[in-house]
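Asker: just coords:
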Ligand code: HEM
Ligand SMILES: N#Cc1ccc(COc2ccc(/C=C/c3ccc(C(F)(F)[C@](O)(Cn4cnnn4)c4ccc(F)cc4F)nc3)cc2)cc1
C-alpha cells in the first residue's frame, strides 16, 4: 500500500468491495467510516472494482466541487451513463466548454417573464390534477405520496419548461417513452454501461423516438405554423447561438430538453414527496404555512403569482430544510486527471482513483447543524443562530452566470463550482407552487397520527422515499 494514499476501507471480497454497504445507505457508510480514527474525512473504498476516494465535510466539498479542470473531470465518469439517455453532443457528450455554453442557454432561458408564466401554468396543472385524480375524490382519503408526486411533477414540469406540445404528449405516448428512457438511468449503467441488456435496447429506441418528436416540434414551430403561446425552453433554444456563431442543431435542442426533463423529474418528484411526507409527521407546520399565506397574500387566498413566492419565507424554509436531509444526489463523482495532493493532508490520489463528494454529509453533521436528524424548517428562521451562508462568499463565473463558490458551506444540495446546478430557481418555483396549492386544499397527516418518516431508497441514481409512503388527506371546509 502506497504510504501517501488515503486509507482503504476494509473489505472481504475484491471487486465487490464495499459496494453493498455503500449502495444500501451511503450516508450511514460515510458517517461510520469517517468516525474511524484511521480514516477521518478522507478515505478510499471499492465500488464495483473502482477505487473511490471520498473527501467529506466542507474542505472535502470544496476540494472536489471547486477542483480545477486540469485536475478533475465529470464527463468521463458521467457520459457512459448520461450519453445514451440524453443523446449526442450535449451535457457530458461534449467538451466542458460546450457544456458551459449549454448551461448559459438554459440559465438565460429562465427569464423573469418565463418564471412568472410558470407559476400560473404549474398552479393550473396542480388544480386540474387534484380535480381529476382518482385518489382525491370526496371529502377525505389517502394517497401514495411518491407515486402520485411522480405523476404530478412530470405534468407540471412538462407544461411549463417543456411547453404545451410535450405536455399534451404526456397524456399518451410520451409517458411510456419516458419510462423506457428512464430505465437507462440506473447505477448498473454507471458501472457496466456497455452491457447489451434488454433495458438498454428499450432506452435507445425511446431516446431516438423522443429526439424525433422534439425535432418535429422545432420544425413545426420554425415553419411558422405554431404561434408562441408561452415562453418555454424550446422556443428559447431555437434562438440561441454558440460563441462560434452556429445555431443549436435540432438534435442538440432535443438532447438538452431530455436532460432537463430527466434532471427536473427525478430531483423535484423526490423532493416534493419528501416535503409532503415530512409535513405529515408535523401537521402543525401545515397550519403555519396556511397562516403565512393568509397573513401575507390575504384571507381570501388570491391566485398565486411569482412575486408572492418571494414573500413566503416559511414555504421556502420547508423546501430548504427538506433538501438538507433529503438531497436527491447523494454522491458526486469526478475522474482524477493527474496525481492530486488532497488539501490539508499529505495524501496523493492517483489517476486510477475516482473522487467522490457527498455534500449531504456536511449538511447532517452536528458540528454544522444542532440536532441534525430533526427536520425543523424553523432552524432557518432569519436570525436563528444557524448557518446562513456567509454573504461575503467568493463568487465566480464559468460562463453561465455568477455563482458563489460555496467554499466553506456545509449546505450544498445544488453542488458548487463549474458543475453547479442551474435548475435551483426553477426547482424552488415548482416545489413552492405545488406546496402552496396542497396547503390550501388539504390537511395532511400520517395514518394513526404517527410521527415516523419512511426510509430512503438509494438503489437508483437519485435517493428518494421508499414506496409506498401513505399519507391521509382531508379537504379543507
Ligand atoms: C431539488 C432540485 C435539484 C437538486 C437538488 C439538484 C442538484 C444538482 C447537483 C448536486 C448538481 C451538481 C452535479 C455535479 O456536480 O456533478 C446539479 C447540476 C445540474 N443540474 Fe440540478 N438539481 C435540481 C434540479 C434541477 C433542475 C430542475 C434542472 C433543470 C431544469 C437541473 C439541471 C442541472 C444541470 C444542467 C446541472 C449541471 C451539470 C454540470 O454542470 O455538470 N437540476 N444539480
Ligand atoms: N449494489 C449497488 C449499488 C451501488 C451504487 C449505487 C448508487 O451509486 C451511485 C453513485 C453515484 C451517483 C451519482 C448520481 C448522479 C450524478 C449525476 C447525475 C446527472 F448527471 F444526471 C445530473 O447531475 C442529475 N441532476 C442534476 N440536477 N438534477 N438532476 C444531471 C446533470 C445535468 C443535466 F443536464 C441533467 C442531469 F440529470 N445524476 C445522478 C448515484 C448513485 C446503488 C447501488
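Answerer: The structure has been received and is ready for your questions. No experiment lies behind these values; they were computed from the predicted model shown. Numbers count the residues shown, from 1 in each chain. Ligands and ions are numbered 1, 2, ... in the order given.

Asker: Whichever strand or helix holds residue 263: what's the following helix or strand?
Answerer: If you go by DSSP states H and E, residue 263 is part of helix 250-281. Using DSSP H and E, the helix or strand that follows helix 250-281 in sequence is helix 283-297.

Asker: Buried residues, that next one. List them.
Answerer: Within helix 283-297, the residues scored as buried using 16 or more other Cβ atoms under 10 Å are 283, 285, 286, 289, 290, 292, 293, 297. Just so you know, the C-beta spots here come from the backbone N, C-alpha and C atoms, and that holds for glycine as well.

Asker: which intervals of the stretch 101-250 of the chain have sub-threshold pLDDT?
Answerer: Within the stretch 101-250 of the chain, the stretches with pLDDT under 70 are 193-194.

Asker: Show me what from this protein comes close to ligand 2.
Answerer: Within the chain, the positions lying close to ligand 2 (Cβ under 6 Å from any ligand atom) are 19-20, 23, 78, 82, 91, 187, 259, 262-263, 266-267, 329, 331, 333, 421, 423, 458-459, 461.

Asker: Now do the same contact list for the residue in the chain that ligand 1 sits nearest to.
Answerer: Of all residues in the chain, residue 423 sits closest to ligand 1, at 2.2 Å by Cβ to the nearest ligand atom. Going by Cβ atoms under 8 Å, 6 or more residues apart in numbering, residue 423 touches 106, 260, 263, 264, 267, 414.

Asker: what's the burial count for residue 103?
Answerer: Using other Cβ atoms under 10 Å, residue 103 is surrounded by 22 other residues.

Asker: closest to residue 312 among the contacts of residue 423?
Answerer: residue 414 (20.0 Å; Cβ to Cβ).

Asker: For residue 340, see how far away the closest residue to residue 283 other than its chain neighbours is.
Answerer: Take residue 283 and drop its neighbours on the chain: the residue closest to it by Cβ to Cβ, 6 or more residues apart in numbering is residue 445, 4.8 Å away. According to Cβ to Cβ, to the nearest Å, residue 445 and residue 340 sit 50 Å apart.

Asker: Comparing the two, which shows the higher neighbour count?
Answerer: residue 340 (22 against 18).

Asker: out of everything not next to it in sequence, what's closest to the more buried one?
Answerer: Residue 340's closest residue in space is residue 349 (Cβ to Cβ, 6+ apart), at 4.8 Å.

Asker: Which pLDDT value belongs to the residue lying closest to residue 259 once chain neighbours are set aside?
Answerer: Leaving aside its chain neighbours, residue 259 sits nearest to residue 86 (4.4 Å; criterion: Cβ to Cβ, 6+ apart). Confidence at residue 86, expressed as pLDDT, is 96.

Asker: ok so, going back, turn the contacts of residue 423 into TSV, including neighbour count.
Answerer: Formatted as TSV, the contacts of residue 423 follow (neighbours: other Cβ atoms under 10 Å):
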residue	neighbour count
106	22
260	22
263	23
264	22
267	25
414	19
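
Asker: what's the closest of the residues you listed to residue 368?
Answerer: Each of the contacts of residue 423 was scored against residue 368 by Cβ to Cβ, and residue 414 proved nearest at 16.8 Å.

Asker: host element of the spatially closest residue to the closest one that is not a sequence neighbour?
Answerer: What sits nearest to residue 414 in space, not counting adjacent residues and going by Cβ to Cβ, 6+ apart, is residue 421, at 3.8 Å. Residue 421 is part of no helix or strand when elements are defined by DSSP H and E.

Asker: try residue 431
Answerer: Assigned by DSSP H and E, residue 431 belongs to helix 424-441.

Asker: Enumerate the positions of that helix that are buried.
Answerer: Quick answer for helix 424-441 (16+ other Cβ under 10 Å): 424, 426-441.

Asker: try stretch 251-271
Answerer: 251-271.

Asker: sorry, back to before: quick check on the residues of the chain next to ligand 2: which are buried?
Answerer: 19, 78, 82, 91, 187, 259, 262-263, 266-267, 329, 331, 333, 421, 423, 458, 461.

Asker: wait, isn't the residue nearest to residue 259 in contact with residue 255?
Answerer: Yes - with contact defined as Cβ atoms under 8 Å, residue 86 reaches residue 255; the gap is 4.9 Å.

Asker: Now do the shared contacts for those two.
Answerer: In contact with both residue 86 and residue 255: residue 93, using Cβ under 8 Å, 6+ apart.

Asker: so where is the stretch 251-400 of the chain shaky, pLDDT-wise?
Answerer: For the stretch 251-400 of the chain (pLDDT under 70), the answer is 384-392.

Asker: Quick one: name the residues of it near ligand 1.
Answerer: Counting by Cβ under 6 Å from any ligand atom, the residues of the stretch 251-400 of the chain close to ligand 1 are 260, 263, 264, 267, 268, 271, 323, 327, 328, 329, 332.

Asker: quick one: the third one and residue 426 touch, right?
Answerer: It refers to residue 264. Yes - contact criterion Cβ under 8 Å: residue 264 and residue 426 qualify, at 7.1 Å.

Asker: Need the residues touching each of the two.
Answerer: Any residue near both residue 264 and residue 426 by Cβ under 8 Å, 6+ apart counts here, and that gives residue 161.

Asker: In the chain, which residue sits nearest ligand 2?
Answerer: The nearest approach of the chain to ligand 2 comes at residue 23, 2.8 Å away (Cβ to the nearest ligand atom).

Asker: per-residue confidence for that residue?
Answerer: The model reports residue 23 with a pLDDT of 94.

Asker: Equivalent analysis for the one 3 residues further on, please.
Answerer: Note for residue 26: predicted pLDDT of 97.

Asker: Around it, count how many other residues there are.
Answerer: Other residues close to residue 26 by other Cβ under 10 Å number 20.

Asker: Correct me if wrong: it contacts residue 332.
Answerer: No - counting by Cβ under 8 Å, residue 26 sits too far from residue 332 to count as a contact (11.3 Å).

Asker: Pull up the overlap in contacts between these two.
Answerer: Taking Cβ under 8 Å, 6+ apart as the criterion, residue 26 and residue 332 both touch residue 358.

Asker: got a list of what the residue nearest to residue 259 touches?
Answerer: Residues counted as contacts of residue 86 (Cβ under 8 Å, 6+ apart) are 92, 93, 207, 255, 256, 258, 259, 262.

Asker: Leaving out sequence neighbours, find the closest residue to the fifth one.
Answerer: For residue 256, the nearest residue in space outside its immediate sequence neighbours is residue 90; the separation is 5.2 Å by Cβ to Cβ, 6+ apart.
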